[in-house]
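Trainee: need the 3D shape of this:
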Amino acid sequence: MKPLHKYILLLLFLNILLLGTGYLLVSVANLNLFFSDIAILSSVFSIIALITLVIFLRGQTKEPDSQTLHSLVSVSLKFLLEMVLALVWFIVAKKTSLPSVLIFFVLYLTLTLFSIWVILKTLKNKSL
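Mentor: Here you go, the predicted structure:
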């Protein structure tokens, strides 16, 4: 199985796990939180992580000079897209309650750590 397909399946599994945990959190805990917020955020963060992984793994198949550029572009694009998402989420949608902010950062950290894990695992086997 190609590495991209393997990591897409892992990302899908992680997203399902996050959605299941979010559903349990909303149904059990008495927080001012909606499952739709969790679903939207986890989906958008997963799409950003997928874009990052596609660019990074595509760069790993190129010549060595291009690998560094692809790695830099993937991480920079991830950062910019997440900053835009944060601006939209907190300023435009006005989701500034404590549970909403906590869910945002938990999902951000979870999917960022997943992306970093994939990048480091790939670079461990094949350096720039």
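Trainee: from now on I want contacts and neighbour counts done on CA atoms only, so please keep to that.
Mentor: Noted.
Trainee: all strands of this structure, in order?
Mentor: Here the chain has no strands by DSSP state E.
Trainee: okay, now the unreliable bits of it?
Mentor: Where the chain drops to pLDDT under 70, the residues are 1, 127-128.
Trainee: in it, which helix is the longest?
Mentor: Counting residues, the longest helix in the chain under DSSP state H turns out to be helix 98-125.
Trainee: what distance separates that one from the centre of its chain?
Mentor: How far helix 98-125 lies from its chain's middle: 6 Å, per C-alpha atoms, centre = their mean, to the nearest Å.
Trainee: would you mark the buried spots in that helix?
Mentor: 100, 103-104, 107-108, 111-112, 114-115, 118-119 (16 or more other C-alpha atoms under 10 Å).
Trainee: with respect to S42, which of those residues is nearest?
Mentor: S42 lies nearest to L107 out of these, by C-alpha to C-alpha, at 6.4 Å.
Trainee: quick one on the thing from earlier: helices or strands up against the longest helix of the chain?
Mentor: Helices and strands touching helix 98-125, by 3 or more C-alpha pairs under 8 Å, 6 or more residues apart in numbering; DSSP states H and E, are helix 35-60.
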